[in-house]
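Asks: Need a 3D model of the following:
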Amino acid sequence: MSVEGPRRTIRATPQILKDLRSLRVLVFHPDDADGKQLTDQLQRIGCQVQAFWPPLPTLPEGVDAVFLAVRPDCIELGFDWFKAETAPTLIAVVTYENPTIVEAVLHIGAQAVLGSPVRSFGLLSALVVARQVHGQAGTACRKIRKLEAKLVGVRQIEEAKSILMRTRQISDGAAYDLIRDQAMTKRVTTEVIAAAIINANEILSIGKS
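Replies: Predicted structure coming up:
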């Protein structure tokens with residue numbers, strides 16, 4: 001009689017790990033032991049790495065992640081790419097842990113923090129976690145923008161219906177049907193038709209008391 005051993009669960013490698021070898025990474029760190037360790041370890045992971053110090057005020061195209069040494073001499077950096085909508089994943093590398101440094105890390109919007117002295121252990125986890133957080137934040141921002149746009153559209157449709165109800169003496173339902181029919185005929189969204197009605201009404205209202 002055979003006895004089966006424990007079954008192994010085979011898990012698929014997450015896409016975020018598969019993508020590491022295609023990442024373009026910038027290391028903004030002084031050319032010291034930590035800077036060399038960062039660059040060497042990222043290259044072992046398979047990332048395409050470039051190192052600079054001091055940090056560049058403008059990032060090259062296509063950068064996926066940045067490791068930035070947060071030092072007292074760069075606390076006041078105010079580069080636009082920190083807060084840009086298309087900002088890459090940002091990992092702060094800190095030597096000190098005091099309120100000033102922590103405030104700087106928050107100011108630049110870092111998605112992860114790597115302590116100094118830099119060791120090979122922990123760097124991969126910091127990069128992966130930061131990429132995950134960065135991706136989730138981006139997804140959340142896109143959803144928020146869509147919801148905000150939808151809310152604006154709803155308000156425009158309500159305003160357009162009100163204009164039609166007042167100028168054509170029709171019901172709420174009839175006003176919406178008119179907007180919808182025009183949208184279908186012109187193959188655009190109801191929001192586009194509503195905006196056109198509002199704009200036309202504003203133009204026709206010019207000069208009226």
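
Asks: Who are the packing partners of the lengthiest helix in the chain?
Replies: Using DSSP state H to define each element, the chain has its longest helix at helix 123-168. Helix 123-168 is packed against helix 15-18, helix 33-45, strand 65-70, strand 89-94, strand 112-115, helix 172-186, helix 190-204, with contacts defined by 3 or more CB pairs under 8 Å, 6 or more residues apart in numbering; DSSP states H and E. Yep, even glycine has a C-beta here, placed from its N, CA and C like the rest.

Asks: Single out the most deeply packed of these.
Replies: strand 65-70 (a mean of 24; mean count of other CB atoms under 10 Å).

Asks: From the chain's centroid, how far away is the longest helix of the chain?
Replies: On the basis of CA atoms, centre = their mean, to the nearest Å, helix 123-168 sits 13 Å off its chain's mean C-alpha point.

Asks: and what of stretch 115-123?
Replies: 26 Å.

Asks: Could you tell me the end-to-end distance of that stretch?
Replies: 9 Å (CA to CA, to the nearest Å).

Asks: Any buried residues in it, and which?
Replies: 116, 118, 123 (16 or more other CB atoms under 10 Å).

Asks: Can you tell me what sits against the lowest-mean-pLDDT helix or strand in the chain?
Replies: Here the helix or strand of the chain ranked lowest by mean pLDDT, DSSP states H and E is helix 15-18, holding a mean of 76. For helix 15-18, contacts defined as CB atoms under 8 Å, 6 or more residues apart in numbering pick out 128, 131, 132, 135.

Asks: May I see the buried residues of stretch 20-30?
Replies: For stretch 20-30, by 16+ other CB under 10 Å, it's 20, 23, 24, 25, 26, 27, 28, 29.

Asks: residue ranges with poor pLDDT in this structure?
Replies: Scanning the chain for pLDDT under 70 picks out 1-13, 73-77, 207-209.

Asks: Go again with 80.
Replies: Residue ranges of the chain with pLDDT under 80: 1-19, 72-80, 82-85, 205-209.

Asks: Tell me how it divides into domains.
Replies: For the chain, automatic domain parsing gives the domain ranges 15-121, 144-204.

Asks: And the longest one, end to end?
Replies: From the first residue to the last, domain 15-121 extends over 21 Å; the measure is CA to CA.

Asks: Distance from that domain to the middle of the chain?
Replies: Using CA atoms, centre = their mean, the offset of domain 15-121 from its chain centre is 17 Å.

Asks: Also the last one?
Replies: Domain 144-204 has its C-alpha centroid displaced from the chain centroid by 31 Å (CA atoms, centre = their mean).
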